[in-house]
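Engineer: turn this into a structure:
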Amino acid sequence: MKRSIPLVLAIALFMEQMDSTVIATALPAIATDIGTSPIALKLALTAYLVSLAVFIPISGWMADRFGARRIFAIAIAVFMVGSIACAVSSNLTEFVLSRFLQGMGGAMMTPVGRLVLVRATEKSQLVNAMAWLTIPALVGPLVGPPVGGFLTTFLTWHWIFLINIPIGMAGIVFALTVLPRDTRRGHDRVDWIGFLLSGAAASGIVFGLSVISLPVLPPVWGIAATIGGVLCFFLYLAHARVHPKPLLDPKMFRNRTFALSLTGGNLFRIGAGAVPFLLPLMLQLGFGMTPFESGMVTCIAAAGAITMKFIIQRVLRFGGFRRVLLLAAGGAALSIAVNGVFTPSTPVTLIMGILFFGGLVRSMFFTSANALIFAEITEDTAARATSIASALQQVSIAIGVALAGGILDLVSTFNGGELTLGAFHTAFFAVAAITGFAILPFLALPPNAGEAVSGHGLKRAGPRAASPVRQ
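Structural biologist: Sure thing, here's the model as predicted:
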């Protein structure tokens with residue numbers, strides 16, 4: 001494996017991950033400039049999530065039909081066009097549509113980038129490669145708020161989108177020159193019925209949960225959309241059983257390792273995915289920090305995530321996927337629960353130490369879980385695996401944020417409508433418990449699961465550990 005391949009993919013994915021969070025700190029400034037309210041402008045955040053949910057399922061088919069490298073470069077270009085459109089938007093409608101266009105590009109970048117990496121990487125090197133690819137998902141949400149606060153404060157909000165242009169141009173050049181050429185693997189027509197049903201299911205659930213957790217529209221809209229999304233999900237399952245090549249193939253879950261890694265990983269995301277939403281709010285509303293100050297505190301977790309990258313291969317070789325995932329899930333749940341006892345009098349150095357540990361164990365979990373998903377997947381089914389994994393990840397993140405927001409609303413209602421520090425503490429304890437539930441699926445994981453990837457237990461079979469993914 002060329003070390004430059006995961007780096008090229010990570011640069012593009014970092015751009016997408018950071019952009020999805022950097023906008024949060026600039027909402028008041030954008031709202032004032034285009035003549036709307038910050039609450040109404042949160043429709044733009046929802047539009048981006050809905051776009052991801054709609055177009056992720058078709059990403060695997062497009063990569064097989066037109067080539068993964070080509071689709072990855074096109075996805076970056078679409079994301080750049082959407083960024084420019086956001087920067088020049090002058091009203092709410094234009095901004096929401098521009099964010100939807102950005103989401104189309106983002107929907108292709110993450111799953112297709114992961115697919116390129118899996119196909120270009122030997123199994124024995126997959127963990128290291130996934131470590132580089134996991135860093136954007138961990139670092140982006142942490143550095144996004146301080147970067148957004150800095151650009152909005154000292155320049156203008158337009159720059160939070162315009163900085164994507166040079167990054168995107170470099171990403172396209174590197175993608176077309178560094179990423180390996182791949183052949184088209186499929187000539188089947190797209191499953192349009194499956195595309196419509198899966199898109200309606202994922203977008204309905206994501207939109208519904210986003211509306212329920214954010215006071216943008218009446219809650220009844222969110223409830224109706226969520227119910228509609230769940231209904232479309234079951235209709236899609238019925239359709240997939242009779243279609244010869246569905247976009248998202250439920251038969252993939254017959255692979256026990258794939259099914260358990262996705263189940264545990266998405267339970268973990270529901271809990272841990274709420275932390276980037278809860279922690280900055282608690283530091284700002286409960287501790288009185290500015291957005292820039294809270295961003296400087298939370299970004300220490302990125303240092304923990306990067307540190308884990310350098311040792312994760314040795315950790316997995318020593319302990320294997322099952323033990324490492326159990327340890328990481330338990331450690332992450334504990335680190336999240338500790339957030340629930342922070343007060344304004346807690347030393348900042350202690351808070352940052354806990355956050356560093358949290359970044360360390362979350363990075364351990366995400367890198368291990370993402371590698372395990374593809375540990376026993378053949379190259380012919382890799383595209384379908386990436387589409388399923390990415391779609392479920394978006395839904396689980398939306399569930400996590402909705403759950404955290406719902407807990408805050410519920411506790412504040414009992415307190416007479418006042419959002420107190422105790423509400424944040426309750427939310428942290430709840431999402432920590434959900435994160436801990438990720439342990440359960442991995443208890444059923446065989447001790448030798450993914451041994452060709454981790455190298456654990458293969459000391460006597462060296463050549464096997466170096467076999468390519470496609471074999």
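Engineer: and Q313, how far is that from F14?
Structural biologist: 21 Å (C-beta to C-beta, to the nearest Å). Glycine gets a C-beta too; all of them are placed from N, C-alpha and C.
Engineer: brain fart, A337
Structural biologist: 29 Å.
Engineer: V348 too?
Structural biologist: Relative to F14, and taking C-beta to C-beta, V348 is found at 27 Å.
Engineer: higher neighbour count, those two?
Structural biologist: F14 (19 against 14; other C-beta atoms under 10 Å).
Engineer: what about that one, which helix or strand?
Structural biologist: helix 4-34 (DSSP states H and E).
Engineer: just the buried positions in that helix, please.
Structural biologist: 5-6, 8-27, 29-31, 34 (16 or more other C-beta atoms under 10 Å).
Engineer: what ranges do the helices span in the stretch 301-450 of the chain?
Structural biologist: 312-339, 348-373, 382-414, 421-437, 439-443 (DSSP state H, counting those that start in this stretch).
Engineer: report the mean per-residue pLDDT for the second one.
Structural biologist: When the per-residue pLDDT values of helix 348-373 are averaged, the result is 89.
Engineer: how far does that helix sit from the chain's center?
Structural biologist: 15 Å (C-alpha atoms, centre = their mean, to the nearest Å).
Engineer: for it, packing partners?
Structural biologist: helix 126-154, helix 256-272, helix 291-298, helix 300-309, helix 312-339, helix 382-414, helix 451-454 (3 or more C-beta pairs under 8 Å, 6 or more residues apart in numbering; DSSP states H and E).
Engineer: of these, which stretch is the most buried?
Structural biologist: helix 451-454 (a mean of 25; mean count of other C-beta atoms under 10 Å).
Engineer: okay, it in PDB with CA atoms only?
Structural biologist: The C-alpha trace of helix 451-454 is given here as PDB (Å, rounded to 0.1, in the frame of the first residue of the first chain):
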ATOM      1  CA  GLU A 451      -7.100 -12.000  12.500                       C
ATOM      2  CA  ALA A 452      -5.800 -11.500   9.000                       C
ATOM      3  CA  VAL A 453      -6.100  -7.800   9.500                       C
ATOM      4  CA  SER A 454      -5.000  -7.500  13.100                       C
END
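Engineer: so what does that helix touch, helix or strand wise?
Structural biologist: Helix 451-454 packs on helix 126-154, helix 312-339, helix 348-373, helix 462-465, going by 3+ C-beta pairs under 8 Å, 6+ apart.
Engineer: indicate which one of those is closest to P166.
Structural biologist: When the helices and strands packed on helix 451-454 are compared by C-beta to C-beta, helix 126-154 sits nearest P166, at 14.1 Å.
Engineer: pretty sure G288 belongs to a strand, no?
Structural biologist: No: G288 is assigned coil when assessed by DSSP: H, G, I helix; E, B strand; the rest coil, not a strand.
Engineer: and the pLDDT at it?
Structural biologist: The predicted local confidence for G288 is 83.
Engineer: what sits against it?
Structural biologist: P344 (C-beta atoms under 8 Å, 6 or more residues apart in numbering).
Engineer: if you set the cut-off to 10 Å instead, what comes out?
Structural biologist: Counting by C-beta atoms under 10 Å, 6 or more residues apart in numbering, G288 touches 294, 344.
Engineer: from M296, how far out is it?
Structural biologist: Distance, G288 to M296, using C-beta to C-beta: 15 Å.
Engineer: and what of A382?
Structural biologist: Distance check for A382 against M296: by C-beta to C-beta, it reads 39 Å.
Engineer: for L7, give its distance to A47.
Structural biologist: L7 is 31 Å from A47, by C-beta to C-beta.
Engineer: equivalent analysis for L235, please.
Structural biologist: Distance from L235 to A47, by C-beta to C-beta: 24 Å.
Engineer: comparing those two, which residue is more hemmed in?
Structural biologist: A47 (21 against 16).
Engineer: and what about the more buried one, helix, strand or coil?
Structural biologist: Per three-state DSSP, A47 ends up helix.
Engineer: my read: it touches S89, true?
Structural biologist: No: A47 is beyond contact range of S89, at 12.0 Å (criterion: C-beta atoms under 10 Å).
Engineer: between these two, what contacts are shared?
Structural biologist: Common neighbours of A47 and S89 (C-beta under 10 Å, 6+ apart) are 95-99.
Engineer: in the helix or strand hosting F207, what's buried?
Structural biologist: Using DSSP H and E, F207 sits in helix 192-213. Residues of helix 192-213 classed as buried: 194-195, 197-213 (neighbour count, 16+ other C-beta under 10 Å).
Engineer: helices and strands around it, which ones?
Structural biologist: helix 38-66, helix 219-242, helix 382-414 (3 or more C-beta pairs under 10 Å, 6 or more residues apart in numbering; DSSP states H and E).
Engineer: L231 reaches L237, doesn't it?
Structural biologist: No: between L231 and L237 no contact is recorded; they are 11.0 Å apart, counting by C-beta under 10 Å.
Engineer: who touches both of these two?
Structural biologist: In contact with both L231 and L237: 197, 201, using C-beta under 10 Å, 6+ apart.
Engineer: which residues does C232 contact?
Structural biologist: So, once contact is read as C-beta under 10 Å, 6+ apart, C232 ends up touching 196-205, 239.
Engineer: state the pLDDT value of the closest residue to A73 other than its chain neighbours.
Structural biologist: Computed as C-beta to C-beta, 6 or more residues apart in numbering, the closest residue to A73 that is not its neighbour in sequence is A175, at 4.6 Å. pLDDT recorded at A175 is 82.
Engineer: find the nearest non-adjacent residue to H425, please.
Structural biologist: Per C-beta to C-beta, 6+ apart, closest to H425 is G340, 4.3 Å.
Engineer: neighbours of the one you found, how many?
Structural biologist: Counted with other C-beta under 10 Å, the neighbours of G340 add up to 19.
Engineer: got phi/psi on it?
Structural biologist: Main-chain torsions, G340, degrees, to the nearest 10: phi -80, psi 0.
Engineer: for the one 5 residues further on, same thing?
Structural biologist: Reported as degrees, to the nearest 10, the phi and psi values for S345 are phi -90, psi -10.
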